[in-house]
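Visitor: Build me a structure from this.
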Amino acid sequence: MYVLYNEVQELIKERWVTQMGQVTLRQSMEQLREQKRSWNTFRVQRKEFKVVNSGSTVAIQEKEFPLLPTGKTTMCKTLGIPKSYFNRYPIETEIAEHSNTMLNLLPEAEVLVRTNGDSVVAVLPTNYAVYDNWQFFESMLENENKLGAYKMSSNRSSSVNDVFTITFGEPKNKADEIYPMLRFSNSEVGMGNLTVEMGLFRLVCSNGAVRKARDYGYFNWGHNMRSLNKVNTFIGISLDLGLQKSEQLATKMEQAREEKLTLPTADIVGRLVERNWLSTVFAKKILAENEAIPIVTKFELVNAITRKAQDERNWGSQVRYEDVATKLLEMAI
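Guide: A predicted model of the protein is given here:
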């Protein structure tokens with residue numbers, strides 16, 4: 001993630017909602033679209049865009065807008081200003097001076113600006129394709145009949161990105177509910193890709209596990225203008241693939257309850273580190289759990305990994321370890 005030195009704390013502030021309530025896809029779409037009524041997206045020539053007030057404000061065609069942390073970060077990324085520059089020289093006026101220098105190099109070129117009310121939330125290249133969260137739910141309405149019974153289970157939201165989880169179907173074990181899951185994540189301010197991940201969601205501990213592979217329904221899109229018209233089609237394909245594979249993973253998760261590990265947990269974890277599937281730091285967390293309560297089944301090992309994965313602050317790391325957990329379900333260990 002491309003973050004300026006003095007914006008890190010602001011960007012990692014998140015709020016978690018474990019239950020969104022019994023809302024439908026249409027209700028979710030309408031709520032999210034309503035939130036966007038105060039947003040505006042437009043192009044402006046660089047010569048009409050100026051950073052003022054030591055970088056806290058931008059003047060666009062002589063009208064001033066507060067520059068939010070995400071706006072400042074995306075602006076520097078768009079202009080090609082290296083993050084390391086500001087890490088080494090944390091002087092407020094440098095941001096405005098350097099940004100204006102870069103803007104003036106190509107005065108006739110344009111940037112794409114996203115505002116929320118009177119504040120700039122993103123400054124992006126003109127080949128960036130806007131795809132907001134409500135558009136995902138609009139596309140899912142075309143596939144609603146495939147989901148059967150479903151519910152919105154969890155929501156992670158920050159100034160950088162949002163994550164939504166849909167669980168569907170019926171659990172195979174009523175005593176320990178594990179559902180097939182679709183998880184959608186997206187950054188509406190250009191600080192992350194749109195991803196669709198299919199996998200499992202364990203209700204008792206709110207742990208997710210996804211397979212980061214295309215044939216399991218994984219889809220990763222970088223807001224590229226050339227493929228914008230294909231996104232909804234790709235989402236439908238991901239859902240079709242993921243529905244089938246998630247059911248298979250749910251069956252394997254149930255079977256894992258009875259599968260004893262063929263090697264000591266420490267040996268298995270060591271091999272996962274050797275394959276670079278787990279970091280040494282993450283491995284130590286699993287081994288600490290094993291010391292407290294010995295892990296003897298594949299089910300226990302998979303759930304130890306998914307449980308610790310939820311503690312990862314970095315979203316990419318969380319998904320990486322969830323992917324490892326689902327791989328283990330299909331391996332002899």
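
Visitor: Which neighbouring elements make contact with the helix or strand containing residue 94?
Guide: Element membership of residue 94 [criterion: DSSP states H and E] is helix 92-105. The contact analysis (3 or more Cβ pairs under 8 Å, 6 or more residues apart in numbering; DSSP states H and E) places helix 92-105 against strand 49-52, helix 69-79, helix 83-88. To be clear about C-beta, it is placed using only N, CA and C from the backbone, and glycine gets the same treatment.

Visitor: Quick one: low-confidence residue ranges for the chain.
Guide: 1-22, 83, 85-92, 153-155 (pLDDT under 70).

Visitor: What segments of it are strands?
Guide: 14-17, 39-45, 49-52, 57-60, 63-66, 110-116, 119-124, 150-158, 162-168, 178-186, 194-202, 207-210, 219-221 (DSSP state E).

Visitor: Let me have those in a markdown table, adding mean neighbour count and distance to residue 278 as columns.
Guide: A markdown table is the format used below for the strands of the chain (neighbours: other Cβ atoms under 10 Å; distance: least, Cβ to Cβ, whole Å):
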| stretch | mean neighbour count | distance to residue 278 |
| --- | --- | --- |
| strand 14-17 | 11 | 24 |
| strand 39-45 | 13 | 40 |
| strand 49-52 | 19 | 43 |
| strand 57-60 | 18 | 44 |
| strand 63-66 | 14 | 43 |
| strand 110-116 | 21 | 38 |
| strand 119-124 | 24 | 35 |
| strand 150-158 | 18 | 23 |
| strand 162-168 | 22 | 23 |
| strand 178-186 | 23 | 21 |
| strand 194-202 | 25 | 18 |
| strand 207-210 | 25 | 15 |
| strand 219-221 | 17 | 22 |
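
Visitor: Turn those into TSV, columns for distance to residue 238.
Guide: What follows is the strands of the chain, written out as TSV (distance: least, Cβ to Cβ, whole Å):
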stretch	distance to residue 238
strand 14-17	24
strand 39-45	26
strand 49-52	37
strand 57-60	37
strand 63-66	37
strand 110-116	26
strand 119-124	25
strand 150-158	16
strand 162-168	12
strand 178-186	8
strand 194-202	5
strand 207-210	11
strand 219-221	4
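
Visitor: out of those, which comes closest to residue 291?
Guide: strand 207-210 (20.8 Å; Cβ to Cβ).

Visitor: hmm, back to that, could you identify which of the helices and strands packed on helix 92-105 is most buried?
Guide: Among the helices and strands packed on helix 92-105, helix 69-79 has the highest mean neighbour count (mean count of other Cβ atoms under 10 Å), at a mean of 24.

Visitor: what angle do that helix and strand 110-116 make?
Guide: 170 degrees (axes from the mean of the first three to the mean of the last three Cα atoms, to 10 degrees).

Visitor: Which other helices and strands does helix 69-79 contact?
Guide: Counting by 3+ Cβ pairs under 8 Å, 6+ apart, helix 69-79 packs on helix 8-12, helix 92-105, strand 119-124.

Visitor: what comes into contact with the longest one?
Guide: Defining contact as Cβ atoms under 8 Å, 6 or more residues apart in numbering, one finds that helix 92-105 is touched by 4, 46-47, 49-55, 72, 75-76, 79-81, 85-86.

Visitor: Keeping just the C-alphas, turn it into CSV.
Guide: Taking Å, rounded to 0.1, in the frame of the first residue of the first chain, the C-alpha atoms of helix 92-105 are listed here in CSV:
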residue,chain,number,x,y,z
GLU,A,92,4.9,19.8,5.4
THR,A,93,5.6,22.4,2.8
GLU,A,94,7.6,19.9,0.7
ILE,A,95,4.4,18.1,-0.3
ALA,A,96,2.8,21.1,-1.8
GLU,A,97,6.0,22.3,-3.5
HIS,A,98,6.9,18.9,-5.0
SER,A,99,3.4,18.2,-6.1
ASN,A,100,3.0,21.5,-7.9
THR,A,101,6.3,21.0,-9.6
MET,A,102,5.1,17.6,-11.0
LEU,A,103,1.8,19.1,-12.0
ASN,A,104,3.4,21.8,-13.9
LEU,A,105,5.6,19.4,-15.9
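
Visitor: check contacts around residue 310.
Guide: 206-208, 318.
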